[in-house]
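Enquirer: Whatever this is, show me its structure:
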Amino acid sequence: MPYRKLKIKVCGMKYTENIDELLVLQPDYVGFIFYDKSPRFLTTPWAVFSSTFLIGTRKVGVFVDEQVVNILQKSTDLGLEVVQLHGHESPQMCSELRDTGLEVMKAFRVGDNFDFEQLRDYTVGCDYFLFDASGPNPGGNGIRFDWNNLQNYRFDVPFFLSGGIDVEHVEEIKAIRHPQLYGIDLNSKFETQPGLKDVARVRQFVEALRAEPIHPSYK
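Expert: This is a model prediction of the structure:
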């Protein structure tokens, strides 16, 4: 029977050779961080230009409380197709960016008492949500939140699961039955240093996740 295949997003890529190695795996999304306080800040944007992206792999720009004009300029310069907003961006800002033709992914840090109702105003201007763990940094903290909290999410916007995900979590991810779970975001647990991914371990995760149907009723 047909089933849903979760999308794979690998975030925080920084080095040309490493990007090229990753692209062989044909991830669905590759993320580049444009936040200068992050250790994964892309200081060499030409790395994006020099890598060959196959059809089906989308370039994601990650921004934190950046101005719309700067996001649009970076998207034009580097051919970004998706913008991931990881700060305190408003629903209106999300809609403004989406109206330009970009896909918008709004990230939220989910703690034990997180109220998903606050996402209601964002549902109009966002194509995806990304649920990450609470931590000292806007992202890349390498920690998980309690995935049982996902049962409290009841909107129709599909979401990516992020935060401390490692190879050992594959079976637990497969057991999640939430109908809006769309993709998995991989980052710090697959690194040998910030921005440098162990592609062999990414391959191990991808092959394990895609090894069998997650739920036969999904497609």
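Enquirer: now the helices for the chain?
Expert: Along the chain, the stretches classed as helices by DSSP state H are 16-23, 46-50, 68-78, 91-98, 170-174, 199-209.
Enquirer: Pipe those into CSV and attach distance to I33, mean neighbour count and mean pLDDT per row.
Expert: Heads up, the C-betas are built off the backbone N, CA and C, glycines and all. Below are the helices of the chain laid out as CSV (distance: least, CB to CB, whole Å; neighbours: other CB atoms under 10 Å; pLDDT from 0 to 100):
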stretch, distance to I33, mean neighbour count, mean pLDDT
helix 16-23, 13, 17, 96
helix 46-50, 12, 14, 85
helix 68-78, 11, 15, 96
helix 91-98, 17, 18, 98
helix 170-174, 23, 14, 94
helix 199-209, 17, 16, 96
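Enquirer: Indicate which one of these is closest to D132.
Expert: helix 170-174 (15.0 Å; CB to CB).
Enquirer: Return the closest one as PDB; C-alpha atoms alone will do.
Expert: Extracted C-alpha coordinates of helix 170-174, given in PDB (Å, rounded to 0.1, in the frame of the first residue of the first chain):
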ATOM      1  CA  VAL A 170      14.800   6.300  13.800                       C
ATOM      2  CA  GLU A 171      12.400   3.800  15.200                       C
ATOM      3  CA  GLU A 172      10.900   6.300  17.600                       C
ATOM      4  CA  ILE A 173      10.400   8.700  14.700                       C
ATOM      5  CA  LYS A 174       8.700   5.900  12.700                       C
END
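Enquirer: Which other helices and strands does the lowest-mean-pLDDT helix or strand in the chain contact?
Expert: The weakest-scoring helix or strand in the chain, judged by mean pLDDT, DSSP states H and E, is helix 46-50 (a mean of 85). Secondary-structure packing of helix 46-50 (3 or more CB pairs under 8 Å, 6 or more residues apart in numbering; DSSP states H and E): helix 16-23.
Enquirer: quick one, the helix it packs on and helix 199-209 angle?
Expert: 20 degrees (axes from the mean of the first three to the mean of the last three CA atoms, to 10 degrees).
Enquirer: name the helices or strands packed onto helix 16-23?
Expert: Short answer (3+ CB pairs under 8 Å, 6+ apart): helix 16-23 packs on strand 29-33, helix 46-50, strand 196-197, helix 199-209.
Enquirer: Compile the helices of the chain into TSV and extend it with columns for distance to Y29.
Expert: TSV is the format used below for those (distance: least, CB to CB, whole Å):
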stretch	distance to Y29
helix 16-23	11
helix 46-50	13
helix 68-78	14
helix 91-98	17
helix 170-174	16
helix 199-209	13
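Enquirer: Run through the chain and note the low-pLDDT ranges.
Expert: 1-4, 134-142, 212-219 (pLDDT under 70).
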